[in-house]
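S.K.: what follows is a predicted structure for the sequence shown.
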Amino acid sequence: MKKYTLISLLVLSFQACTDLEESPESNLTVDQFYNTSEDAESAVNAIYHRMFTEWLVLYNRQLMMLEMATDDVSAGPRTRSSQVIDLSKINYVPNNTGLNWTWQYSYDAINRANIAIDRIALLHPDVIDSKLQNRLINEAKFLRAWNYFNLVRWFGSVPLILKETSSLSLEKLQVSNTAESQIYEQIIKDLEAAEALPIPGSYADIDAGRATAGAAKILLAKVYLRKGEWQKSAAKTKELMDSGWYGLFEEFASVFSPESKNGKEHIFSIQFNGDASLNNGLSWFSLPFEFNGEYVDAPNPQSDLYQSYQEGDTRRNVTFAKELSDPTTGAKVTLANLSYVKYFDPEAAYTPQLSRVNIPLLRYADVLLMHAEALNELEGPSDAAYEAVDKVRKRAHVAPLKEIAPSLNKEAFRDKIYEERRKELALEYHRWFDLTRRGADYYVKMLHRAGKTNAAPRHVKFPIPQRELLLNPNLKQSPEWEGY
């Protein structure tokens, strides 16, 4: 993933020039670009770059703006954007800039994926090895599926575009909403193709962070869980558990240690190595101002997440801090506010944007908790469901659920799983998706309990951005958001 900055510049130089009459012949067009296997790799790398490592977009920042609309994250005291504050206060409307950026960045990544899928398939066998060709196409399908999975969860019925945008004609640009069921069908189709990707450990070190078969399978399990297809989700998570590819680290802190990055628990992570060209947005925006952090992604002071950890739960002090050590003096620095510190790197204490801590987006603990949830929905809290949860709890050094609450019913066990996910996966972009997939009543209840009393049933989806509606009269706002 070290090539992405250059790759992004290459793609941006040709991406908007496809089949446009005004395009000068001297410009680098898509047809001119796809001539070698290196060109094909660069095109796929550009999708990764747009989603994961480009500064302040999507997973390297943008999704945390949307996490403001949860119970456990709030806009910190250094927040300067009224749009972020509105998201935090659940006071946003369709013209919110953060929502508009999220929509644009997602469809930009999708367009890059569509170009790669179509054009790489046309390369002659003399130009590219078939194994590499198939791998790159499947990587692009994996990334396209991930973007559509986000969009359908955030906005509901959105346009499904599967071919590159090759014209500025209104017919091409003004695309109507697609039924959610059809979008999910395409997501599953892309992810099933991506299951043919290399298994973990197949890539060279320079390609650390590329999608694998394991990443496709866990994302597919998430799709099934979201759709309530419990049997399929249970089977897919069990497939991962039986694969031997992954396991839990012995200690929770290892998940966020630069020394153990891309280890046995990591399924898909954003890669950071302290290089100034790959700034770690989540580290910088979550760390407190005492360490030159922005302190925008802050714990919600009315949330009980910090207090909910049992004494001795090792996850609490990896996730939060009230003081940090100054690595230059060894002295303890008391923080003015409780802070998220999962991405704190002592070697970049006062330059948090240079944190070497990878952002783990998909990891094995999530597989275990999803497996327990799917089993519970199928058959109640079985021994296998308890066992999956208790593997996560044991690593956190808390008592097994089977010992302290052995006779839970399905509803109570479901609550315990969500509580465990909340503690285990805090500040890893899961909370909004977890809250909303459980339904409007649950989302509203949890946000009201955390002091965000503006939360209403319509907030389980974000409104389609007003800018997109103005540009595209064929695009319709979600019914819940009409009139706002």
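M.R.: Perfect, I can see it now. Numbering: from 1, shown residues only.
S.K.: tally of neighbours for the residue nearest to L375 when sequence neighbours are not counted?
M.R.: Closest residue in space to L375, ignoring its immediate chain neighbours: A385 at 4.1 Å, by C-beta to C-beta, 6 or more residues apart in numbering. For every residue, glycine as well, the C-beta is placed using N, CA and C. Look at A385: counted by other C-beta atoms under 10 Å, it has 26 neighbours.
S.K.: so A385 makes contact with M370?
M.R.: No - under the criterion of C-beta atoms under 8 Å, A385 makes no contact with M370, lying 11.0 Å away.
S.K.: list the contacts for F252?
M.R.: F252 makes contact with T314, R315, V318, R395, A396, according to C-beta atoms under 8 Å, 6 or more residues apart in numbering.
S.K.: isn't the first one right next to H397, touching?
M.R.: Yes - under the criterion of C-beta under 8 Å, T314 lies in contact with H397, with a separation of 5.2 Å.
S.K.: three-state assignment of Y350?
M.R.: coil (DSSP: H, G, I helix; E, B strand; the rest coil).
S.K.: and the gap between it and Y295?
M.R.: Separation of Y350 from Y295 (C-beta to C-beta, to the nearest Å): 14 Å.
S.K.: with Y224 instead?
M.R.: Separation of Y224 from Y295 (C-beta to C-beta): 37 Å.
S.K.: same deal with P381?
M.R.: Taken as C-beta to C-beta, the span from P381 to Y295 is 40 Å.
S.K.: what's the answer for L248, then?
M.R.: Remark: distance between L248 and Y295 (C-beta to C-beta) = 31 Å.
S.K.: so which of these two has more stuff around it?
M.R.: Y295 (24 against 20).
S.K.: drop anything exposed from the contacts of F252.
M.R.: In terms of neighbour count (16 or more other C-beta atoms under 10 Å), the buried residues within the contacts of F252 are R315, V318, R395, A396.
S.K.: the last one against E311, yeah?
M.R.: Translated: A396. No - counting by C-beta under 8 Å, A396 stays clear of E311, with 11.9 Å between them.
S.K.: remind me which residues of the stretch 51-200 of the chain are low pLDDT?
M.R.: Residues of the stretch 51-200 of the chain that meet the criterion pLDDT under 70 lie in 167-172.
S.K.: now with 80, please.
M.R.: 55-56, 165-173 (pLDDT under 80).
S.K.: which residue ranges of it form helices?
M.R.: Ranges of helices in the stretch 51-200 of the chain, per DSSP state H, counting those that start in this stretch, are 62-67, 82-88, 97-121, 130-155, 170-173, 180-194.
S.K.: I464 is nearest to which of those?
M.R.: helix 130-155 (5.4 Å; C-beta to C-beta).
S.K.: for the stretch 201-350 of the chain, which segments are assigned as helices?
M.R.: 213-227, 230-243, 281-286, 305-308, 314-319.
S.K.: out of these, which is the most enclosed?
M.R.: Counting by mean count of other C-beta atoms under 10 Å, helix 281-286 has the highest mean neighbour count of these, with a mean of 27.
S.K.: other SSEs contacting that helix?
M.R.: Under the contact criterion of 3 or more C-beta pairs under 8 Å, 6 or more residues apart in numbering; DSSP states H and E, helix 281-286 touches helix 62-67, strand 297-299.
S.K.: what's the most buried one of those?
M.R.: strand 297-299 (a mean of 25).
S.K.: can you list contacts of stretch 298-317?
M.R.: Counting by C-beta under 8 Å, 6+ apart, 70-77, 251-253, 286, 320, 337-340, 396-398, 419, 422-424, 426, 449-452 sit against stretch 298-317.
S.K.: from the residues you listed, which land in strands?
M.R.: V73, S74, A75, F320, N337, L338, S339, Y340 (DSSP state E).
S.K.: check those and tell me the two furthest apart.
M.R.: Maximum distance among the ones in strands among the contacts of stretch 298-317 (C-beta to C-beta): 17.5 Å, for A75 and F320.
S.K.: which residues of the stretch 301-450 of the chain fall in strands?
M.R.: Applying DSSP state E, counting those that start in this stretch to the stretch 301-450 of the chain gives strands spanning 320-325, 332-340, 359-363.
S.K.: which one of these lies nearest to R437?
M.R.: Of the strands of the stretch 301-450 of the chain, nearest to R437 by C-beta to C-beta is strand 359-363, at 16.4 Å.
S.K.: was I right about R467 contacting W101?
M.R.: No - using C-beta under 8 Å, R467 is not in contact with W101; the gap is 10.2 Å.
S.K.: OK, contacts around N262?
M.R.: A208, G209, S269, Q271, N358.
S.K.: got CSV for these, with neighbour count too?
M.R.: Shown next, in CSV, are the contacts of N262 (neighbours: other C-beta atoms under 10 Å):
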residue, neighbour count
A208, 16
G209, 23
S269, 22
Q271, 21
N358, 25
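S.K.: burial count for S130?
M.R.: The number of residues near S130, taken as other C-beta under 10 Å, comes to 9.
S.K.: now swap in R431 and tell me
M.R.: 22.
S.K.: once you drop chain neighbours, what's closest to it?
M.R.: Closest residue in space to R431, ignoring its immediate chain neighbours: T70 at 4.5 Å, by C-beta to C-beta, 6+ apart.
S.K.: ok, the one you found touching T436?
M.R.: No - with contact defined as C-beta under 8 Å, T70 does not reach T436; the gap is 9.2 Å.
S.K.: quickly note the distance from the closest residue to S243 other than its chain neighbours to G451.
M.R.: Closest residue to S243 apart from its sequence neighbours, by C-beta to C-beta, 6+ apart: G214 at 7.2 Å. As judged by C-beta to C-beta, G214 and G451 stand 39 Å apart.
S.K.: was I right to think L408 contacts K416?
M.R.: Yes - with contact defined as C-beta under 8 Å, L408 counts as touching K416 (6.7 Å).
S.K.: right, I'll leave it there.
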